[in-house]
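>>> next comes the sequence, and after it the predicted model I'd like to discuss.
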Amino acid sequence: MYPAAIARTAPDRLAYVMAGSGASLTYAELDEASNRLAQRLRAAGVKTGDTFLLALENRIEWPVAVAAGMRSGLYVTPVNSHLRAHELGALIAEAQPTAVLTSPTLAVTVAEALGNRRCLRLCVGEGADGFLSFAEELAGSAAEPIEDEVFGARVLYSGGTTGTPKAFRQQLLGVHPSEAPSRHSALMEKLGVGPSAVLLSPAPNYHAAPFTFQLATLALGGTVVCLEKFHPAAAMAAIVDHGVTLSQWVPTMLIRLVEFHRTNDVELSPTHAAAVTSGGPCAADVKQQIDQWWGPILHEYYGASEGYGHTYISPLEARERIGSVGRPLGPTRIHITDEDGAELPAGEVGTVWFEALGVQQYVNQGEQSSGVREGWKSMSDLGALDEDGFLYLKGRKGYTIVSGGVNIYPDEVEAAIQSHPLVRDVAVLGEPDREFGEKVLAVVELTQPAAGDVQAELIAHARERLATFKAPKRVVIVDSLPRLPTGKLNKKALHDTLLSQ
């Protein structure tokens, strides 16, 4: 992402638009603002290899901060804007930032998390106690590029709001930003990302997929349309109003869109030629409903935000390979192994491993092999390959339910229950059972209050679609399931809450 490259030939092209407020930046404006910020960072002693931490909601200042960090050789480190002070403090202790950008809404939390740490503290908007005004500091800085421009890198943290933070810090490549290699070029080509692309980004910007898709779109001269906060009506309106050509979602958002469409007339845009879902496997029935509504435009990719590898499945392939997340994308091979590391044949469930077959341009700093073979990487997902090499995920290794000595994979059960029209969201866990070791528990959020024995109805629904031993023995109805702002289910929090009662 180097806005100067686009600004030279298309200075007035829109680079970034906030869908709600209409605030926007052309490539010339993004180039100038990011130059000014880069100059201010250098003036504060922030040097190549330092960390620039972003604790920020989706705002028009976001691409300015990212572009400035990426042209200054910094580790651009976006963090979850919903973290509490002690959680953010743990990330700050690991990241050791020399510059921080936040907003008035988050400034008190950020200040508490920073404590006495000395660093450049900037705040957008009206500013806050202990922070310098972002706008004023940019206005007082030069608009020319810094003399030592060098390509920066991103840092992402695993675990969301739970667990000890683990940083995945991409290595600095030591090249000028104009020479940076493209990101996920094979995927972007399939999705039609280029100078004429208009990307709708409805998720929090700090999450891996929005962060990456926005970088790739801006690097290629496209336009990013960013939602301040996801809502189905706002998302669909933005597609029409801004002539969106590509949209990027997590499965939970697609569920909300389908639910919204059931009771609302929604205008479709002829420009909306491609959509992509990631951040977890999307239930087959949800993909089918999107396919019926939008046509065959929903692509899916699966992979680790750590960058270990990816799979991809096209809309037409998804019609034939129901439930698959596709085949390896790029120079990558997938292996399925048992607990002893022995490779398993097609159809058998085991741990999913990625093996990079070529030189990776973007790798994490200091990363060592974590596999049963040199160069293999895993996120502890379970899955199986079919005879043609298509991957089917079965769940996370830590949440496999073992009942009566038989493995039950939550993803499969969740997909069956999710297909019931009363179910808005569902999580399947194992709970202790004296006879079988564990039994299947389904925790369900309903679309609306329902009369009658809903629990029995959902159990019967599951039994019609699954072997009896896989169906839940108990169903708990809750007002809402705990999800991280990225849309991913916070299964650890749910597990801890329910099974500690």
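Cool, got the structure. Residues are numbered from 1 along each chain as shown.

>>> only C-alpha atoms from now on, for both contacts and neighbour counts.
Fine.

>>> what sits against Pro296?
By C-alpha atoms under 8 Å, 6 or more residues apart in numbering, the contact set of Pro296 is Pro315, Leu316.

>>> flag the shaky bits of the stretch 251-400 of the chain, pLDDT-wise.
Scanning the stretch 251-400 of the chain for pLDDT under 70 picks out 304-307, 358-372.

>>> what segments of it are helices?
Applying DSSP state H, counting those that start in this stretch to the stretch 251-400 of the chain gives helices spanning 251-263, 284-294, 315-320.

>>> give me the contact list for the longest one.
Read that as helix 251-263. Against helix 251-263 from outside (C-alpha under 8 Å, 6+ apart): 230, 232-233, 277-283, 286, 289-290, 424, 487-488.

>>> kindly indicate which of those residues lies nearest Ala471.
Closest approach between these and Ala471, by C-alpha to C-alpha: Ala283, at 16.8 Å.

>>> how about the nearest residue to the closest one, chain neighbours excluded?
Using C-alpha to C-alpha, 6 or more residues apart in numbering and skipping the chain neighbours, the partner closest in space to Ala283 is Ala415 (5.4 Å).

>>> and if you look at Ser378?
Leaving aside its sequence neighbours, Ser378 sits nearest to Trp353 (C-alpha to C-alpha, 6+ apart; 4.7 Å).

>>> tell me what the one you found is bridged to.
His335 (DSSP bridges).

>>> pretty sure it contacts His335?
Yes - counting by C-alpha atoms under 8 Å, Trp353 does reach His335; the two are 5.1 Å apart.

>>> these two: who's more crowded?
Counted by other C-alpha atoms under 10 Å, Trp353 and His335 do not tie: Trp353 has more neighbours, with 26 against 23.

>>> for the more buried one, give its distance to Asp265.
43 Å (C-alpha to C-alpha, to the nearest Å).

>>> do Ile313 as well
On the measure of C-alpha to C-alpha, Ile313 and Asp265 end up 29 Å apart.

>>> next: Ala55.
Distance, Ala55 to Asp265, by C-alpha to C-alpha: 37 Å.

>>> out of those two, which sits in the busier spot?
Regarding Ala55 and Asp265, a neighbour count based on other C-alpha under 10 Å identifies Ala55 as having more, with 24 against 8.

>>> surely the more buried one and Ser81 touch.
Yes - using C-alpha under 8 Å, Ala55 makes contact with Ser81 at a distance of 5.7 Å.

>>> what's near enough to touch Asn205?
Contacts for Asn205 (C-alpha under 8 Å, 6+ apart) come out as Glu57, Asn58, Phe211.

>>> so which of the residues you listed belong to helices?
The members of the contacts of Asn205 that map onto helices under DSSP state H are Phe211.

>>> which of the contacts of Asn205 lies closest to Glu464?
Distance to Glu464, by C-alpha to C-alpha, is smallest for Phe211 among the contacts of Asn205, at 40.6 Å.

>>> picking that back up, please check the contacts of helix 251-263 and keep the buried ones.
Neighbour-count burial (16 or more other C-alpha atoms under 10 Å) applied to the contacts of helix 251-263 gives Pro232, Thr277, Ser278, Gly279, Gly280, Pro281, Cys282, Ala283, Val286, Ile290, Arg424, Gly487.

>>> need those residues in JSON lines with distance to Arg154, can you?
Shown next, in JSON lines, are the buried ones among the contacts of helix 251-263 (distance: C-alpha to C-alpha, whole Å):
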{"residue": "Pro232", "distance to Arg154": "29"}
{"residue": "Thr277", "distance to Arg154": "21"}
{"residue": "Ser278", "distance to Arg154": "19"}
{"residue": "Gly279", "distance to Arg154": "18"}
{"residue": "Gly280", "distance to Arg154": "21"}
{"residue": "Pro281", "distance to Arg154": "24"}
{"residue": "Cys282", "distance to Arg154": "26"}
{"residue": "Ala283", "distance to Arg154": "30"}
{"residue": "Val286", "distance to Arg154": "32"}
{"residue": "Ile290", "distance to Arg154": "32"}
{"residue": "Arg424", "distance to Arg154": "34"}
{"residue": "Gly487", "distance to Arg154": "21"}
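
>>> surely Trp376 is in contact with Leu357?
No - with contact defined as C-alpha under 8 Å, Trp376 and Leu357 do not form a contacting pair (10.0 Å).

>>> tell me the residues that contact both of Ala55 and Ser81, please.
What both Ala55 and Ser81 touch, as defined by C-alpha under 8 Å, 6+ apart, is the set Leu106.

>>> which positions in the top helix by length along the chain come out as buried?
With secondary structure taken from DSSP H, the chain has its longest helix at helix 27-43. Buried residues in helix 27-43, counted by 16+ other C-alpha under 10 Å: 27-41.

>>> and if you look at stretch 92-106?
Using 16+ other C-alpha under 10 Å as the test for burial, stretch 92-106 gives 92, 95-106.

>>> out of the residues you listed, who's nearest Arg183?
Ala95 (23.8 Å).
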